[in-house]
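Student: Generate coordinates for the sequence data below:
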Amino acid sequence: MEIFAVRRDGYKYQELDLEIDDFIDIFRDELDYNTIQDFSINNLSLANYWQPLSTGFSTIARQENLIPDIANWIGATLLLSPKAYRYLGDLLSPFGEFLPIQIESETFQIFNCLTVAEINSVPGDSEKFSFNEDSIGDKLIFKTPYQHCLDIYCTARFQEAVESFDLKGVIFDKNILSPFSE
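Tutor: Now for the predicted structure:
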């Protein structure tokens, strides 16, 4: 089974201009600050609290500043353009939740991955870990607590769907070891 880390496609695409502090007030006193900050690690569903927000993209100096169809956001989440949501929404829905966000006149979706897969081994100094294929099963997209849910991973089936719809903004890296762990 081929597994990929879903990563940002360089710096030619703009980033979502939204931080956790921009929406932390929607949780009121129901959850503590640290739990919310680590929502991806805690596998926290945000849908019951979510209120549609308006935001934009941050430009990157001396870069192309293209608008992505699909992009990484915080932890094991993805931002989907209306086009990407139309093509991938049904495929992704069993593995997480969608949180609407308004960017200019369009409704984008944040996909919060709530699906976890386990690993087989802990890496040594240069060894890469591998996923337990039984824990992946039919999952298209997932995260792992071993990586503190900093990355989002997928199978070849998801990669093929993104590429067949010509969606831009991410790459599929065969090196699944998180750059944050190095």
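Student: what does the longest helix belonging to the chain contact?
Tutor: Using DSSP state H, we find that the single longest helix of the chain is helix 82-92. Contact with helix 82-92 is made by 69-70, 80, 98, 106-109, 111, 140-141, 158, 161-162, 165, 167, as judged by CB atoms under 8 Å, 6 or more residues apart in numbering. To be clear about C-beta, it is placed using only N, CA and C from the backbone, and glycine gets the same treatment.
Student: Go through the next helix or strand after that helix and flag the buried ones.
Tutor: Downstream of helix 82-92, the next assigned helix or strand under DSSP states H and E is strand 96-103. For strand 96-103, the neighbour count (16 or more other CB atoms under 10 Å) marks Gly96, Glu97, Phe98, Leu99, Ile101, Ile103 as buried.
Student: picking that back up, tell me the buried residues within the contacts of helix 82-92.
Tutor: 69-70, 80, 98, 108-109, 111, 140-141, 158, 161-162, 167.
Student: Please report how far Phe158 lies from Asp25.
Tutor: Distance of Phe158 to Asp25, given as CB to CB, to the nearest Å: 33 Å.
Student: Likewise for Tyr11?
Tutor: In terms of CB to CB, Tyr11 sits 31 Å off from Asp25.
Student: more neighbours, those two?
Tutor: Tyr11 (13 against 8; other CB atoms under 10 Å).
Student: Apart from its neighbours in sequence, what residue is nearest the more buried one?
Tutor: Ranked by CB to CB, 6 or more residues apart in numbering and with sequence neighbours excluded, the top spatial neighbour of Tyr11 is Gln63, at 4.9 Å.
Student: Ramachandran angles for that neighbour?
Tutor: Main-chain dihedrals, Gln63, degrees, to the nearest 10: phi -130, psi 170.
Student: How many neighbouring residues does it have?
Tutor: If we define neighbours as other CB under 10 Å, then Gln63 has 12 of them.
Student: in what helix or strand does the spatially closest residue to Lys174 that is not a sequence neighbour lie?
Tutor: Distances taken as CB to CB, 6+ apart place Phe4 nearest to Lys174, at 6.2 Å, with adjacent residues excluded. Assigned by DSSP H and E, Phe4 falls within strand 3-8.
Student: neighbouring strands for the helix or strand just after that strand, and are they parallel or not?
Tutor: Per DSSP H and E, strand 3-8 leads on to strand 15-16 as the next helix or strand towards the C-terminus. Here strand 15-16 is paired, per DSSP bridges, with strand 57-58 (antiparallel).
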